[in-house]
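In: Everything below, folded, please.
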Amino acid sequence: MARLRGARSVDLGLQKRNDAWARVPPSAETIATFVEVVRQHSLSGAARSLGLPKSTVSRRLQRLEQALQSQLLQRDARKITLTPAGRSFYAAVVAPVDALAAAVAALEQSSRAPRGTIRVTAPADLGRMVLAPMFVAFLERYPEISLELLFTNRVLALVEEGVDLAVRAGRVVKGDLIARKLCDSELQLATSAKAAARFGALTDVRSLEQQPFVLHGAPSRTQAIKLERGAGKRARAVEVHVSGRVSVDDYAALSELVAAGEGVGLMPALHVREGVEQGRLVRVLPEWSSRSAHVYLVYAARRQPERVRLLTTFLLGAFEKIGNV
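Out: Numbering: from 1, shown residues only. Prediction:
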């Protein structure tokens with residue numbers, strides 16, 4: 001009889017302990033561990049990600065299930081799958097867990113100056129003429145941050161080549177990438193002062209077809225260019241067929257050839273502005289232009305390191321001030 005009373009005492013003690021677990025609300029740490037297990041599809045993967053022993057991860061999951069009085073995961077030797085209750089619980093907590101992690105990271109970052117290196121790639125002409133002054137201002141604001149700038153017309157693979165941010169013009173194949181619009185790229189007509197004096201002031205857009213052009217990326221000696229004038233109901237668009245003896249795949253080189261007197265060129269507004277300011281170029285039919293493409297800031301990671309987030313915010317603000325390029 002005494003032995004029976006002892007067994008009952010042990011059972012009651014275990015029941016009281018389990019009831020106590022059920023009354024303790026799950027901690028944020030425990031719930032975050034559960035979220036990471038689901039994301040990694042395994043206890044060992046979550047343990048590596050969190051920098052914890054696998055036994056600690058397992059113990060936290062056990063405590064969570066005891067506190068919720070519900071099985072959240074089905075475990076076997078090969079994989080972990082969510083139960084219906086686990087699926088519902090994960091959907092409810094994943095966003096708050098991410099928000100909490102972001103808030104903690106932001107608080108930690110605010111207590112110390114941002115530091116480290118950011119790798120940025122951009123087209124060569126855009127980097128030299130637009131981005132370089134912005135980067136100088138950014139470095140002055142954040143003296144502990146370094147920049148590695150890759151100004152090239154080659155499209156780099158961000159993840160494979162360790163690039164944090166890319167500035168790209170034209171269509172962006174997103175996939176897993178995030179693209180945020182910076183501005184529009186506008187193409188304008190220009191020529192040299194010597195060439196302008198030779199053929200006089202043009203008043204009709206169709207007269208461009210009688211002028212020599214420096215072409216961009218045209219495999220033959222002719223090219224169809226689309227030009228626009230005005231906006232809204234008064235907008236007008238035409239397609240003009242032009243020809244020239246020189247075709248080049250780089251806008252900086254095109255600008256130099258036009259300035260040397262080789263003909264008219266259709267080039268990004270930033271090249272025209274620089275050429276006009278230096279007295280090397282003059283505008284041709286300034287009311288006509290061509291919208292080339294959108295310019296985007298592209299990155300791979302949704303949760304950026306603080307230093308990259310700061311540069312992202314800085315560039316978005318800087319482009320708001322300059323408008324189209």
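
In: Show me what secondary structure element comes after the helix or strand of the chain with the lowest mean pLDDT.
Out: Scoring the helices and strands of the chain by mean pLDDT, DSSP states H and E places helix 2-23 at the bottom, with a mean of 47. Under the assignment DSSP states H and E, the closest C-terminal helix or strand after helix 2-23 is helix 28-40.

In: helices and strands around that following helix, which ones?
Out: helix 43-50, helix 54-68, strand 80-82, helix 84-110 (3 or more CB pairs under 8 Å, 6 or more residues apart in numbering; DSSP states H and E). For glycine as for every other residue, the C-beta is placed from the backbone atoms N, C-alpha and C.

In: ok, now with 6 Å
Out: Applying 3 or more CB pairs under 6 Å, 6 or more residues apart in numbering; DSSP states H and E, one finds that helix 28-40 contacts helix 43-50, helix 54-68, helix 84-110.

In: Would you map the strands across the stretch 151-300 of the chain?
Out: Ranges of strands in the stretch 151-300 of the chain, per DSSP state E, counting those that start in this stretch, are 165-169, 178-191, 212-216, 222-229, 236-248, 264-268, 282-283, 289-299.

In: Residues in contact with the longest one: which ones?
Out: In this case it means strand 178-191. 169, 172, 258, 264-266, 268-269, 272, 281, 283-285, 289-290, 292-299, 319, 324-325 (CB atoms under 6 Å, 6 or more residues apart in numbering).

In: who's in contact with the closest residue to Phe213 other than its chain neighbours?
Out: Excluding the flanking residues, the one nearest Phe213 by CB to CB, 6 or more residues apart in numbering is Gly244, at 3.8 Å. Residues near Gly244 by CB under 6 Å, 6+ apart: 212-215, 263.

In: ok, now how distant is Ala32 from Glu274?
Out: The gap separating Ala32 from Glu274 is 52 Å, by CB to CB, to the nearest Å.

In: cool, and Ser292?
Out: For Ser292, the distance to Glu274 - CB to CB - is 17 Å.

In: So if I had to pick from the two, which one is more boxed in?
Out: Comparing Ser292 with Glu274 by other CB atoms under 10 Å, the one with more neighbours is Ser292, at 21 against 17.

In: which residues does the closest residue to the more buried one other than its chain neighbours bridge with?
Out: Computed as CB to CB, 6+ apart, the closest residue to Ser292 that is not its neighbour in sequence is Ser185, at 4.2 Å. Beta-bridge partners of Ser185, counted by DSSP bridges, are Ala293.

In: What is the burial count for Ser185?
Out: Ser185 has 20 nearby residues by other CB under 10 Å.

In: same thing with Ala92?
Out: 10.

In: got a pLDDT number for it?
Out: What the model reports as pLDDT for Ala92 is 92.

In: just Arg309 next, same as before
Out: For Arg309, pLDDT reads 91.

In: same thing with Gln62?
Out: pLDDT, Gln62: 91.

In: Next: Phe135.
Out: On the pLDDT scale, Phe135 gets 97.

In: now Gln40
Out: Reported pLDDT for Gln40: 84.

In: Against Ala269, how distant is the spatially closest residue to it that is not a sequence neighbour?
Out: Distance criterion CB to CB, 6+ apart; nearest residue to Gln40, sequence neighbours excluded, is Ala46 at 4.5 Å. Ala46 sits 51 Å away from Ala269, going by CB to CB.

In: quick one, which of the two is more surrounded?
Out: Ala46 (25 against 18).

In: residues contacting that one?
Out: Taking CB under 6 Å, 6+ apart as the test, what Ala46 contacts is 36-37, 40, 57.
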